[in-house]
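Asker: all I have is the shape, not the residue letters:
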Ligand code: PHE
Ligand code: ZN
């Protein structure tokens, strides 16, 4: 099935708006009845446009216009639209319909989480799920006031929740009960939510800076509720932070959060009733790794921050998705940075950007942060919209400064609270509050592709001047259009050969400064730095000031200086990562150990172990090699076995060179494993587990250490790190450890996901057979998105050796899986399909085999709109050669 394209230039304001919507639900698992009462008003300027309602899989039982039942010839239903051509001006439309939650495996609209007997009902409406619940005008620029009444059997559905403030509840005949909720603030339909079933709760309160007492409640199936305390603390921290940092207060009396194991995404910001994939909500030491804790903190905050960036100020249309997502990711990043470690969070974000967004941007699925067209909007919840979207906001914040950015955000909220707006409105508010013209920044939102930054330096000993030529250019991408130069903030510092920071004196810039942020807003720019005795070492893009590729990373000796002395933690890591990439290239072409950079950098790393004030998490990151996808992404042709072999050899060489330090560090940090979830303990564990991982790469004798680590572990981080060492090191004890782990955690769904992933990513010759066998494991479920992601998506994206098997069997298996899953949850199938997108970049045999599977899927009958869209875009421009590559 193919959906027609929606294009940004075809946007028209709604001809009809809904002022209020009153919904009445009679809920049950197999079928639920929905009565909707819409008060609709026509835009006088579009008096000729008839009223149409959206609905899909909603069985219409009765429809009334201003109280009068309509005969079947007074309206018509065509596809997903209900036409009421004769209605003009203003009207009250009442519908009564039936929906079938238990049959709804696509998880859009109202569906069932858990079994028929014990499970609970919940809804998911972003982006276009509301039309699966009732007939209405389902678009984000139609904002209405919602009144929701829920009725159900009390024993089966003791808890009834909807977004907004509670407005009464009571008993009904026959053991049924009801509850009503009113949301005072008009909202778009995608933020509507309800939940009903048997759920346990934990509660707390928060008093906002404006003095409102808000009741906070987290709901989960009873066995999981004890693991929700951390999330509740995170929520309180996020509420406080948004008040202090952005002056934003929560304005409802209640804030509910619900955990489910059945969710296609991370979490959803429904007004007053957030719904979470349990992997981003549950956290206790035995069931969550340190990374899980960090993700819970991040996602709880993210969804809460949407309350202002997304909900109160919402998107005019789905092209503006980045308006809420990029901005909210940025706010989340700032929050987590301030609560934990800025350097670590920045490294994590940039790793994700390089791995996921750069590769997306270089392939056939490339799209601008604000796309100009889409066929299936579900496929645009991408790294580009989220991560690159956040980077754009970050650049604006850098250029405006902390206070200027805050002024801009204040104006944005003042102007647009309660409205559905665009990226242009956002830029205008930031600009107007700072007397700056920000329209050139729009190009960041409208042009796909990763910009390339080149820096060429020349030193003149006579004049003591250093000239730096900065150039921006673009790699060709599928959607190439005429390019406009982008405003690129380049933060830089200068160092001498001993790692001392040099004062920056630029021509025409008075005074001494240490760091400069240069706005490269044209194709080329030349800077002169004065009063220098030698050519300086330039540390470019400090804090990763712009989401660009650096054309060449400079001399390795300079990188060693920066990786040893940079006092910007992120750029210190960036230099270390540059060295790893340099050594990886050397290994790919021969032997890295022979390269002069190898010895020099090992000496540097050895010293780093002794540095008292080096943050353990940063050191851990310096020891963690870029993954195979990221390394492959920077090559013209991706040859998975060659990349895997070179990376493994390099990792082994590094581990052997540092064996003494790794072991000493591992032992010295023994006490850390006992400590709790605070950032310091997390950092120490991260470093200790990185050491263990490398030791096991250096010599299988350390498997004994890993086994002890496994047995002694008191938290999941340690347990899982040890398990990974044993399994990926193919230790004798591996199978036994896997079995013990599975026995211990058989009832903990999110932990079993990790167990599947450890095995799915094991790069051995029989990886495919193992994964295939695991699909038959009792804990695996084809209809559970988390399980599919943990096993199949992990195999396709994080096991290059297994997936890209020479004979194409990995491709065939994943293509078969896509067909199977597409009949259940198309959104999940579409995500799996993206694993084929970069097919043109592989060597000829692999390329042909990937292409063959894409064609097979394209020819298959009855594929969803979601998968069809990914296939069509992946296969577009099939005549072009690999020149899509940078
Ligand atoms: N809006 C959610 C978020 O990023 C993501 C999401 C999109 C969830 C679509 C469900 C469906 O916070
Ligand atoms: Zn979001």
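Answerer: Yes, it's here. Worth saying up front: this structure is predicted, and the values here are computed from it rather than measured. Numbering: from 1, shown residues only. Ligands and ions are numbered 1, 2, ... in the order given.
Asker: CA only for contacts and neighbour counts going forward, please
Answerer: OK.
Asker: what is the mean pLDDT for stretch 609-629?
Answerer: The average pLDDT for stretch 609-629 rounds to 97.
Asker: how distant is that stretch from the center of its chain?
Answerer: Averaging C-alpha coordinates over stretch 609-629 and over its chain gives two centres that are 23 Å apart (CA atoms, centre = their mean, to the nearest Å).
Asker: go through that stretch and flag the buried ones.
Answerer: If you call a residue buried by 16 or more other CA atoms under 10 Å, then stretch 609-629 has these buried ones: 609, 615-626, 628-629.
Asker: repeat that for stretch 528-544.
Answerer: Buried residues in stretch 528-544, defined by neighbour count with 16+ other CA under 10 Å: 528-530, 532, 535-544.
Asker: other SSEs contacting the helix or strand of the chain with the lowest mean pLDDT?
Answerer: For the chain, using mean pLDDT, DSSP states H and E, the weakest element among its helices and strands is strand 515-520, scoring a mean of 92. Strand 515-520 makes packing contacts with strand 488-495 when contacts are defined by 3 or more CA pairs under 8 Å, 6 or more residues apart in numbering; DSSP states H and E.
Asker: does residue 184 lie in a helix or a strand, and which?
Answerer: strand 176-187 (DSSP states H and E).
Asker: can you list the strands that that strand pairs with?
Answerer: strand 144-153 (antiparallel), strand 165-171 (antiparallel) (DSSP bridges).
Asker: model confidence over the first one, on average?
Answerer: When you say that, I think you mean strand 144-153. Averaged across strand 144-153, pLDDT comes to 98.
Asker: quick check: next helix or strand after that strand?
Answerer: Going down the chain from strand 144-153, the next helix or strand is strand 159-162, by DSSP H and E.
Asker: packing partners of that following strand?
Answerer: Applying 3+ CA pairs under 8 Å, 6+ apart, one finds that strand 159-162 contacts strand 144-153, strand 176-187, strand 194-197.
Asker: in CSV: those, plus distance to ligand 1 and mean neighbour count.
Answerer: Below are the helices and strands packed on strand 159-162 laid out as CSV (distance: least, CA to the nearest ligand atom, whole Å; neighbours: other CA atoms under 10 Å):
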stretch, distance to ligand 1, mean neighbour count
strand 144-153, 19, 23
strand 176-187, 14, 20
strand 194-197, 14, 24
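Asker: mind checking the SS state of residue 850?
Answerer: Remark: residue 850 carries the secondary structure label helix [criterion: DSSP: H, G, I helix; E, B strand; the rest coil].
Asker: and the closest residue to ligand 1 within the stretch 451-600 of the chain, how many residues sit next to it?
Answerer: Of the stretch 451-600 of the chain, the residue with the smallest distance to ligand 1, taken as CA to the nearest ligand atom, is residue 547 at 20.4 Å. The criterion is other CA atoms under 10 Å. On that basis, residue 547 has 26 neighbouring residues.
Asker: residue contacts, it?
Answerer: Under the criterion of CA atoms under 8 Å, 6 or more residues apart in numbering, the contact list for residue 547 reads 388, 391, 450, 451.
Asker: return the residues in contact with residue 513.
Answerer: When contacts are counted by CA under 8 Å, 6+ apart, residue 513 touches 503, 504, 505.
Asker: switch to 7 Å and redo it
Answerer: By CA atoms under 7 Å, 6 or more residues apart in numbering, the contact list for residue 513 reads 503, 504.
Asker: for residue 829, same thing?
Answerer: Contact analysis of residue 829 by CA under 7 Å, 6+ apart lists 818, 821, 822, 867.
Asker: rewinding a little: and the contacts of residue 547 as JSON lines, adding distance to residue 682 and neighbour count?
Answerer: As requested, those are exported to JSON lines (distance: CA to CA, whole Å; neighbours: other CA atoms under 10 Å):
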{"residue": "388", "distance to residue 682": "27", "neighbour count": "27"}
{"residue": "391", "distance to residue 682": "26", "neighbour count": "25"}
{"residue": "450", "distance to residue 682": "33", "neighbour count": "24"}
{"residue": "451", "distance to residue 682": "35", "neighbour count": "22"}
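Asker: what is the nearest of the residues you listed to residue 158?
Answerer: Distance to residue 158, by CA to CA, is smallest for residue 388 among those, at 42.9 Å.
Asker: next, the closest one: secondary structure please.
Answerer: If you use three-state DSSP, then residue 388 falls in the helix class.
Asker: so how far is ligand 1 from it?
Answerer: 14 Å (CA to the nearest ligand atom, to the nearest Å).
Asker: roughly how far does that residue sit from residue 543?
Answerer: Remark: distance between residue 388 and residue 543 (CA to CA, to the nearest Å) = 15 Å.
Asker: on that earlier part again, out of the buried residues of stretch 609-629, list just those in strands.
Answerer: When DSSP state E is applied, the buried residues of stretch 609-629 are split such that none fall in strands.
Asker: quick one: which of these is nearest to ligand 1?
Answerer: Nearest to ligand 1 among the buried residues of stretch 609-629: residue 629, at 24.0 Å, using CA to the nearest ligand atom.
Asker: how far does stretch 130-146 sit from the chain's center?
Answerer: On the basis of CA atoms, centre = their mean, stretch 130-146 is displaced by 26 Å from the centre of the chain it belongs to.
Asker: what residues does the protein put near ligand 1?
Answerer: The chain has residues 126, 127, 265, 267, 268, 269, 303 near ligand 1, with proximity defined as CA under 6 Å from any ligand atom.
Asker: could you identify the buried members of these?
Answerer: Among the residues of the chain next to ligand 1, the ones that count as buried by 16+ other CA under 10 Å are 126, 127, 267, 268, 269, 303.
Asker: quick check: buried residues in stretch 637-654?
Answerer: Under the neighbour-count criterion of 16+ other CA under 10 Å, stretch 637-654 has 638-641, 643-644, 646-654 buried.
Asker: quick one, helices of the stretch 651-800 of the chain?
Answerer: 659-668, 679-698, 703-712, 716-728, 734-744, 749-760, 767-774, 785-788, 794-798, 800-803 (DSSP state H, counting those that start in this stretch).
Asker: which one of these lies nearest to residue 86?
Answerer: Using CA to CA as the measure, helix 785-788 is the one of these that comes nearest residue 86, at 43.5 Å.
Asker: report the contact partners of the closest residue in space to residue 156 that isn't next to it in sequence.
Answerer: Beyond its immediate neighbours in the sequence, the residue positioned closest to residue 156 (CA to CA, 6 or more residues apart in numbering) is residue 197, lying 6.4 Å away. Taking CA under 7 Å, 6+ apart as the definition of contact, the neighbours of residue 197 are 119, 120, 121, 156, 157, 158, 159, 160.
Asker: what about stretch 634-648, how long is it end to end?
Answerer: Separation of the first and last residues of stretch 634-648 by CA to CA is 17 Å.
Asker: what's the answer for stretch 110-119, then?
Answerer: For stretch 110-119, the first and last residues are 13 Å from each other (CA to CA).
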